[in-house]
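Peer 1: Whatever this is, show me its structure:
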Amino acid sequence: MAEKNFIWKAKEVLAKIERETERVLDKGSILILNKIKVLMREPKSGKDYRAKGSKGKKSTKQFKTRSSAPGQAPAVQTGRLRASLAKSKPAKLTRHIGTNLKQGFFLEKGTKRGLAKRPFLIPAFKSEQGKIVKMLKGAV
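Peer 2: Model prediction:
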């Protein structure tokens, strides 16, 4: 039986795996951000109230808005939280997804003073986790 020469190109193989993993993590981050926005747009079952107009005064228009109930993703009211959502790459093979607004943390985790949780980050991650794992398996 003839022996064949086998050349192992470990550096090239590992570099390709890393590139593909980085690509999938970028795509996965976008999937999660999009899912968060979908969760925020879903119909809410919280309290109805009149929206505030400019400078914090009650609006003279008959525009009403509905807040989210505890356990639901936050309702979009001003769009500030939704606009603050971002992803970052602090290190290789790592992605951070979230917001820099304190309000986002309080909505996700609730407060000791009685604000019930209105999670949006963790549910979005859990929802998209299976897709991201499949993409990772397909990339490697």
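Peer 1: so how far is the longest helix anywhere in the chain off the chain centroid?
Peer 2: The residue-count maximum for a helix in the chain (DSSP state H) belongs to helix 10-41. Taking CA atoms, centre = their mean, to the nearest Å, the mean C-alpha location of helix 10-41 is offset from the chain mean by 12 Å.
Peer 1: Downstream of it, the next helix or strand is which one?
Peer 2: For helix 10-41, the succeeding helix or strand toward the C-terminus, using DSSP states H and E, is strand 48-50.
Peer 1: That following strand pairs with which strands?
Peer 2: Strand 48-50 sits in its sheet next to strand 64-66 (antiparallel), going by DSSP bridges.
Peer 1: list the buried ones in the strand it pairs with?
Peer 2: The neighbour-count check on strand 64-66 (16 or more other CB atoms under 10 Å) flags residue 65 as buried. For the C-beta atoms, the positions are set from N, CA and C on the backbone; glycine is no exception.
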